[in-house]
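Visitor: Fold the following, please.
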Amino acid sequence: MFHWLKRIQSSVTSAEEVLHYFEQMLEDGRYMFETSSNALLAGTDPEVVKEDLWATDKRINKLERRIRRRIITHLTMHGTDAIASDLVLMSIVKDAERIGDYCKNIFDLARDGRGCAPEVMDDLLECKSKITRLLAKARNIYQTEDLEDAKAFVAQADALAQHCDAQAVKMVQREDADGRSATSALAYRYFKRIVSHSLNIITSILVPVDKLDYYDEDEESRS
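Guide: Residues are numbered from 1 along each chain as shown. Just a heads-up that it's a prediction; the model follows:
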């Protein structure tokens, strides 16, 4: 994975430049998740962090466009030899961008003001801590391309995604007058989506191009 980056000499498509952009996207996604989750679960005033959160999301989108331009340049320079690796990069850059989008969804739940169901707050906080650590770890694994770390990441993240999914189903099945169960269900669902996109990023180190998006956000089960 990404061996072509190491072969490119210093230019507008240099490996160092593209790597820096993508690492920044991952770091910004982690920051957005922690910030939006704190607004939902830890009492942070949404209005205090809104401007910074939206500015970070705009930076993620800007970095995505920069990387795409580098990919087009690289394809022009290297032709068919670059197609496979460039397709992988294009795919995982979109995954990184989608993490930011789901963080904004979490922030919207915080602004709604209803809060989550008290009986799942501890579990949501634990999930939040695990996801924050996973997002930080994703950046490190991407840097090192350590296959054993990637496999361990997939196992841990897959279990967490399944847990969030099961909790979301439980919350949907509940009825309450204040809407907190619905908020909790959405929170778990957004948490799962963020984990799933981080899984796509890490599995890109482990699987061929045709297996990209193995953890597709539109599928509830994998075949």
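
Visitor: tell me the centre residue of the protein?
Guide: residue 99 (3.6 Å; Cα atoms, centre = their mean).

Visitor: secondary structure element for the residue lying closest to that residue once chain neighbours are set aside?
Guide: Distances taken as Cβ to Cβ, 6 or more residues apart in numbering place residue 29 nearest to residue 99, at 3.9 Å, with adjacent residues excluded. For every residue, glycine as well, the C-beta is placed using N, CA and C. Assigned by DSSP states H and E, residue 29 belongs to helix 15-41.

Visitor: and the helix or strand that comes right after that helix, which residues are buried?
Guide: Counting by DSSP H and E, the next helix or strand C-terminal to helix 15-41 is helix 46-78. Going by neighbour count (16 or more other Cβ atoms under 10 Å), the buried part of helix 46-78 is 46, 49-50, 53, 56-57, 60, 63-64, 66-67, 70-71, 74-75, 78.

Visitor: Could you pull up the contacting residues of the residue nearest to residue 97 when sequence neighbours are not counted?
Guide: Among residues not flanking residue 97 along the chain, residue 64 sits closest, at 4.8 Å (Cβ to Cβ, 6+ apart). Neighbouring residues of residue 64 by Cβ atoms under 8 Å, 6 or more residues apart in numbering: 25, 93, 94, 96, 97.

Visitor: how close does residue 64 get to residue 107?
Guide: Between residue 64 and residue 107 the computed distance is 19 Å (Cβ to Cβ, to the nearest Å).
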